[in-house]
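In: pasting a predicted model and its sequence here:
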Amino acid sequence: MKPLHEQHRVRYPPFEAARWEAEALPIATRRFSLGDYATVEEAKEALRGQNPSFRLGSENEWLLERTFVYDGQEINVDATDIEPEDNPYVRLVKRQRRGWYLIPNPIHNILRSFINGVVIVLLVCLFYLFISPILLFLNLPVYGLETVRWGLLDYPALAVFVVPLIFAPLLIRIAANLAELRRQNLFLKRNLTTPIIEFSRTSVADHPLEIMVSFPEWDDSWNHVDAILRVGVLPPSREVLLETLGRDPTRQPPPGLSTELPHHWEVGLDDGTAGGEDAPMELKEVKGGLYLRPMRIMVQGEPQRWVEGKPVTLEPPQPVWPGSVNTDLLRIHWECILRIDRTHGGALLWVQPLKVAHSTKKVALTTLPLHDGRSELDMS
């Protein structure tokens, strides 16, 4: 008798994954025993009706994989029925990917890029001041070395121009965050009614999704509504990831994970890979926040314009993705997004999570669409 296991392997991209070398990060591997069998034929027979195997990414890049291993050898399992997996949604979906969401003001992204440019200017100015004695020794013309008197002190002329460039975007961002808090309060006071989304049949990963949408309450400031089908990968559970990698949660985390962050919402929402601000300031009263974080691996279909009383058909992404998976390590998430264009206050989002069945086609994506992780870059 030889053992049969279901194996999950994950190397999930951290925040700002473009700054990391994927192959330098560890792969978390977890196995679940499915019993012991005498032959491979018996093992394959036992796997009938099991969830199919799939692979996203590669060994040297980001990786999400589910396989079945019998006596050290992989056995492929294909989908045999068109029914979604019956695991419940993880807490992350219930708190941060369901309901109404706002889109951050684009000024946050503009100022972030502006600050990067200011830092470059500052470094160039410091280097210029450093080599200015050499330029003077070589009788080369130099500018900006004179001083400017403010009160009782003298300041380098360059500082008069560079220092305001450093502080101006920071002050503007503070004002923008305060404006975001005001916008959130106004939206919560509005207390919008939930839109109604009806599905004509079971959602399947490689089949078009047909929905009927109706709005019990329509605002005169709304211009039009676009429906969007999106699929991506949610971060694995930090606690299970550390356990799988054999790391003590109270000690230094493995590469790609940050130290544990204070949970201002609730334990389990932070994935432990944060390395910067992923959203503007949010009201703490709203569990999970009012800004939709993009999945760091995701793809979405073409927006389809909603017309009252008519069905909306959403095409699935190509190549084919797996259906919904909700486990501690592997989390393939599908959602339908209604993007409401408004005259004032920016666009409004309604997010509806979906349970999608697996395709009968084999899934093996080697090139994964990566995203930054900041809400200001999502759905703008």
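Out: Arrived safely, thanks for sending.

In: okay, the helix or strand hosting Val10 in CSV with CA atoms only?
Out: Using DSSP states H and E, Val10 falls within strand 2-11. Only the C-alpha atoms of strand 2-11 are listed here, as CSV (Å, rounded to 0.1, in the frame of the first residue of the first chain):
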residue,chain,number,x,y,z
LYS,A,2,1.3,3.4,-1.0
PRO,A,3,0.2,6.9,0.1
LEU,A,4,-1.9,9.3,-2.0
HIS,A,5,-1.7,13.0,-1.2
GLU,A,6,-3.3,16.2,-2.4
GLN,A,7,-0.4,18.7,-2.6
HIS,A,8,-0.6,22.6,-2.5
ARG,A,9,2.4,24.7,-3.5
VAL,A,10,2.4,28.5,-3.2
ARG,A,11,4.9,31.3,-3.8
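
In: and the angle from the helix or strand just after that strand to strand 2-11?
Out: Downstream of strand 2-11, the next assigned helix or strand under DSSP H and E is strand 28-37. Angle, strand 28-37 to strand 2-11, by axes from the mean of the first three to the mean of the last three Cα atoms, to 10 degrees: 160 degrees.

In: tell me which helix or strand comes right after strand 28-37.
Out: helix 40-46.

In: what's that next one packed up against?
Out: Where contact means 3 or more Cβ pairs under 8 Å, 6 or more residues apart in numbering; DSSP states H and E, helix 40-46 is packed against strand 2-11, strand 28-37, strand 63-70, strand 73-75. Where C-beta positions appear, they are placed from N, C-alpha and C, glycine not excepted.

In: nearest to Pro254, of those strands?
Out: Closest approach to Pro254 among those is made by strand 28-37 (8.9 Å; Cβ to Cβ).

In: in its sheet, what does that closest one sit against?
Out: As defined by DSSP bridges, the strand partners of strand 28-37 come to strand 2-11 (antiparallel).

In: ok, and what's touching the strand it pairs with?
Out: Under the criterion Cβ atoms under 8 Å, 6 or more residues apart in numbering, residues 22, 25-38, 43, 46-47, 50, 57, 61-71, 236, 241, 327, 329-330 lie in contact with strand 2-11.

In: next, count neighbours for Thr343.
Out: Counted by other Cβ atoms under 10 Å, the residues lying close to Thr343 total 9.
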